[in-house]
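Peer 1: can't give you the sequence, but here's the structure:
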């Protein structure tokens, strides 16, 4: 298939692996910060083909997985209200909260709908003026522009019965938090290509300089990832710490200025909790005062929600990259894609789901 098969060419993959083995002289540790990249790495077995001693650590790059339990419980509380039509992307519906998930709530009669765009939620609100329509706005910088456009559209057209429950998070503060951790082992990062397609990579440059870590903006296909790893290792071996762009077909240094302008007009930077990690200063987005009327958290007064994580789930350690799914006693037994205990087993970008779908460690369960 054109524009796909060429990024999965086995001959080129073997050549890149050969170059990597010829380049690496130390047991370097590299982290990818994108759940889509994690799934490609695990599904294709890239992490098992690396030079001896070299490791890939799977970081907190799944937007569903890092959404805090508090937000899921708030979503459940709002969606249970009879006047509400609650909308979300499909992968959020099975993320477990303290007392269940949105699928179970829908089965009990709540009006929970899957949409493919936040603008679909605005259209639902326009068609149902007697109902309150709420969209669960989660994710990294990639989904923020579309959510900003939905708020701008609702404001412009006077759709006052639309609101968003916001839990946007930002990648650069998470990287610095990981690097500041006393048990950090990461020596280089693969930055998510789709995030950088929106935001560019200027925010990564001071991180690379301050911490002395290479950061390579990388795509999602096997050859993208192999080349990105090779670029990172070449920097490590030569003592360089810069931001490089492997994903040249989609990313520019300044990103997408129109998308960034939309985000800046609707959202402001705020402290944000990350599931399994805790609060990271200036790591999220919240609505600006100008658009506060579209804040579902404020509209439905959900501030007193108390949460409780499953004691059997080690999602936090997995999201920080300090443990693997196979280290969890519940993996593949009590926790499966059909009966998930934590978000990393739910999402199509979750590390636990990636391991389970590839059959990693299941023979030992």
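Peer 2: In hand now; what should we look at? Note that the structure is predicted; figures quoted are calculated from it, not measured.
Peer 1: so how far is residue 83 from the residue located most distally from the centre of the chain?
Peer 2: Most distant from the centre of the chain: residue 130, at 34.1 Å, with distances by Cα atoms, centre = their mean. The gap separating residue 130 from residue 83 is 8 Å, by Cβ to Cβ, to the nearest Å. The way it works is simple: take the backbone N, C-alpha and C, and place the C-beta from them, glycine included.
Peer 1: now do the strands in this structure.
Peer 2: 29-32, 55-58, 84-88, 112-114, 132-139, 162-169, 188-192, 215-218, 243-245, 267-274, 278-287 (DSSP state E).
Peer 1: if we look at the second one, which residues are touching it?
Peer 2: So that's strand 55-58. Residues outside strand 55-58 that contact it (Cβ atoms under 8 Å, 6 or more residues apart in numbering) are 27-32, 38, 41-42, 46-47, 50, 185-186, 229, 318, 321, 324, 351, 354.
Peer 1: describe which strands it pairs with in its sheet and in which direction.
Peer 2: Next to strand 55-58 in the sheet, as set by DSSP bridges, lie strand 29-32 (parallel).
Peer 1: what of the fifth one?
Peer 2: According to DSSP bridges, strand 132-139 forms sheet pairs with strand 84-88 (parallel), strand 162-169 (parallel).
Peer 1: where in this protein is pLDDT low?
Peer 2: Within the chain, the stretches with pLDDT under 70 are 1-3, 306, 308, 365.
Peer 1: switch to 50 and redo it
Peer 2: Scanning the chain for pLDDT under 50 picks out nothing.
Peer 1: which stretches in the stretch 1-150 of the chain count as helices?
Peer 2: For the stretch 1-150 of the chain, applying DSSP state H, counting those that start in this stretch gives helices covering 10-23, 35-44, 63-66, 69-79, 102-107, 118-127, 144-157.
Peer 1: nearest to residue 328, of the ones you listed?
Peer 2: With Cβ to Cβ as the measure, helix 63-66 is the member of the helices of the stretch 1-150 of the chain nearest residue 328 (13.8 Å).
Peer 1: any chance you could list what contacts the closest one?
Peer 2: By Cβ under 8 Å, 6+ apart, helix 63-66 touches 35, 60, 91-92, 95, 138-140, 142-143, 169, 174, 274-277, 315, 319, 342-344, 346-347, 349-351.
Peer 1: at 6 Å what do you get?
Peer 2: Residues outside helix 63-66 that contact it (Cβ atoms under 6 Å, 6 or more residues apart in numbering): 60, 91, 95, 138-140, 169, 274-275, 343-344, 347, 350.
Peer 1: repeat for stretch 294-312
Peer 2: By Cβ under 6 Å, 6+ apart, the list of residues contacting stretch 294-312 reads 69-70, 73-74, 77-78, 98, 134, 151, 163-165, 287, 330, 341.
Peer 1: next: stretch 228-242.
Peer 2: With Cβ under 6 Å, 6+ apart, stretch 228-242 has contacts from 16, 19-20, 23-24, 28, 30, 187-188, 190, 208, 212-214, 216, 218, 244, 246.
Peer 1: which of the residues in it are buried?
Peer 2: Neighbour-count burial for stretch 228-242, counted by 16 or more other Cβ atoms under 10 Å, picks out 228-236, 241.
Peer 1: and that stretch, how far out from the chain's middle?
Peer 2: 25 Å (Cα atoms, centre = their mean, to the nearest Å).
Peer 1: what do you get for stretch 311-318?
Peer 2: The answer for stretch 311-318 is 17 Å, by Cα atoms, centre = their mean.
Peer 1: buried ones in that stretch, by neighbour count?
Peer 2: 313-316, 318.
Peer 1: as JSON lines, those with distance to residue 198 would be great.
Peer 2: JSON lines is the format used below for these (distance: Cβ to Cβ, whole Å):
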{"residue": "313", "distance to residue 198": "31"}
{"residue": "314", "distance to residue 198": "31"}
{"residue": "315", "distance to residue 198": "26"}
{"residue": "316", "distance to residue 198": "27"}
{"residue": "318", "distance to residue 198": "26"}
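Peer 1: out of those, list just those in helices.
Peer 2: 315-316, 318 (DSSP state H).
Peer 1: can I get these in TSV with distance to residue 194?
Peer 2: As requested, these are exported to TSV (distance: Cβ to Cβ, whole Å):
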residue	distance to residue 194
315	23
316	25
318	22
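Peer 1: turn the strands of the chain into JSON lines, including mean neighbour count and distance to residue 7.
Peer 2: Listed next are the strands of the chain as JSON lines, based on neighbours: other Cβ atoms under 10 Å; distance: least, Cβ to Cβ, whole Å:
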{"stretch": "strand 29-32", "mean neighbour count": "23", "distance to residue 7": "16"}
{"stretch": "strand 55-58", "mean neighbour count": "22", "distance to residue 7": "18"}
{"stretch": "strand 84-88", "mean neighbour count": "23", "distance to residue 7": "31"}
{"stretch": "strand 112-114", "mean neighbour count": "19", "distance to residue 7": "30"}
{"stretch": "strand 132-139", "mean neighbour count": "27", "distance to residue 7": "24"}
{"stretch": "strand 162-169", "mean neighbour count": "26", "distance to residue 7": "28"}
{"stretch": "strand 188-192", "mean neighbour count": "28", "distance to residue 7": "15"}
{"stretch": "strand 215-218", "mean neighbour count": "28", "distance to residue 7": "12"}
{"stretch": "strand 243-245", "mean neighbour count": "21", "distance to residue 7": "16"}
{"stretch": "strand 267-274", "mean neighbour count": "18", "distance to residue 7": "31"}
{"stretch": "strand 278-287", "mean neighbour count": "18", "distance to residue 7": "31"}
